[in-house]
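Student: Fold the following.
(one chain, ligands or ions: 3)
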Amino acid sequence: MSADTPEELAGLKAAGAVVAQTLRELRKLVRPGITTKELDDAAARVFASHGAQSGPQLDYDFPGAICISVGDEAVHGIPGPRRLREGELVKLDVTAELNGFYADACRTVPVGKVKPSALKLVGAAETGLKRGMAVATAGATVNDIGVAVQAEIEGRGYSVCYALTGHGIGRRIHEEPTVYSTAQPGPSPTLTEGLVITIEPIIAAGEGDIVEDGEWLVRTADGSLSAHAEHTIVITGGAPLVLTA
Ligand code: MF3
Ligand code: CO
Ligand code: CO
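Tutor: Ligands and ions are numbered 1, 2, ... in the order given. The predicted model follows:
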């Protein structure tokens, strides 16, 4: 959507604040031994305390309040009895709906003490997101974001899971345009003031190919470790407004 009125902007900011608070709470709970279902239940409680709902449940009947993916699981992991173990990376992908507005963000959180190589991968995803946001200004194109993100990730020796993308958002989770994290051939939409999108590099330590595993889960094809960083932003004439910070 394009946030064109103060009411729309206020609604989006409120949804973004719920997502940000949920991620802050969940980060504190991540430790060896906790189950992904326990993290999901905590997210559901934060949503409920704000009168918010799970976006994945509302839009897709996803079997969880949030998506929780571990290790080589890239996206759409279903919360369950799995216990997190020291050294793993857990991706908490949180999408909330509040009063008809959606916001979406993801953090990759280390479980206990993890290898320096894993922390570097997390840093690359976060920096890739920052680079993408830095070029996301009115008058630039959607493709400028993909070019910037890809250069950052590949410059650090990692791969972008190129089939997984960011997206427009606002009144639904997934709206136009598709926001690739890689360069795309051909014409690309121009970013306009008020446009609400996510930028979300999903990256792998190995190759960028992905495979489906069941109805929801997506893994890296080579089994390599993956990291994910995502924010929902509003395009302005300058730096974007980050709704989920
Ligand atoms: N948060 C996911 C994204 O960043 C959307 C999950 S919806 C689901 O696009 F139903 F696929 F889980
Ligand atoms: Co997301
Ligand atoms: Co998203």
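Student: Return the residues of this protein in contact with ligand 3.
Tutor: Asp104, Thr198 (Cβ under 5 Å from the ion). Where C-beta positions appear, they are placed from N, C-alpha and C, glycine not excepted.
Student: Low-confidence stretches in the chain?
Tutor: The chain contains no residues with pLDDT under 70.
Student: just the helices in it please.
Tutor: In the chain, the helices defined using DSSP state H lie at 6-29, 36-49, 55-60, 116-134, 142-155.
Student: Any buried residues in the second one, and which?
Tutor: Just to be clear, that refers to helix 36-49. Using 16 or more other Cβ atoms under 10 Å as the test for burial, helix 36-49 gives Thr36, Lys37, Leu39, Asp40, Ala42, Ala43, Ala44, Val46, Phe47.
Student: Give me the distance between Ala204 and Leu9.
Tutor: Ala204 sits 35 Å away from Leu9, taking Cβ to Cβ, to the nearest Å as the criterion.
Student: Which of these two has more residues huddled nearby?
Tutor: With neighbours defined as other Cβ atoms under 10 Å, Ala204 and Leu9 compare such that Ala204 has more, 25 against 17.
Student: In this structure that one contacts Ser224, no?
Tutor: Yes: if you go by Cβ atoms under 8 Å, Ala204 and Ser224 touch, sitting 4.9 Å apart.
Student: For Gly128, give me its contacts.
Tutor: Val149, Glu152, Ile153, Val160, Ser181, Pro201, Ile203, Ala229 (Cβ atoms under 8 Å, 6 or more residues apart in numbering).
Student: Would you format the residues you listed as a markdown table with neighbour count included?
Tutor: Shown next, in a markdown table, are the contacts of Gly128 (neighbours: other Cβ atoms under 10 Å):
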| residue | neighbour count |
| --- | --- |
| Val149 | 30 |
| Glu152 | 23 |
| Ile153 | 27 |
| Val160 | 24 |
| Ser181 | 29 |
| Pro201 | 33 |
| Ile203 | 32 |
| Ala229 | 24 |
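Student: farthest-separated two in these?
Tutor: Val160 and Ala229 (12.0 Å; Cβ to Cβ).
Student: how much space between Tyr180 and ligand 2?
Tutor: 15 Å (Cβ to the ion, to the nearest Å).
Student: what does Pro187 give?
Tutor: 26 Å.
Student: next one: phi and psi at that residue?
Tutor: phi -70, psi 150 (degrees, to the nearest 10).
Student: picking up where we left off before, just name the closest of the contacts of Gly128 to Ala15, please.
Tutor: Distance to Ala15 across those (Cβ to Cβ) is lowest for Ala229, with 18.9 Å.
Student: so what's Thr137 up against?
Tutor: Thr137 sits next to Leu191, Ile235, Thr236, Gly237, Gly238, Ala239, Pro240 when contact means Cβ under 8 Å, 6+ apart.
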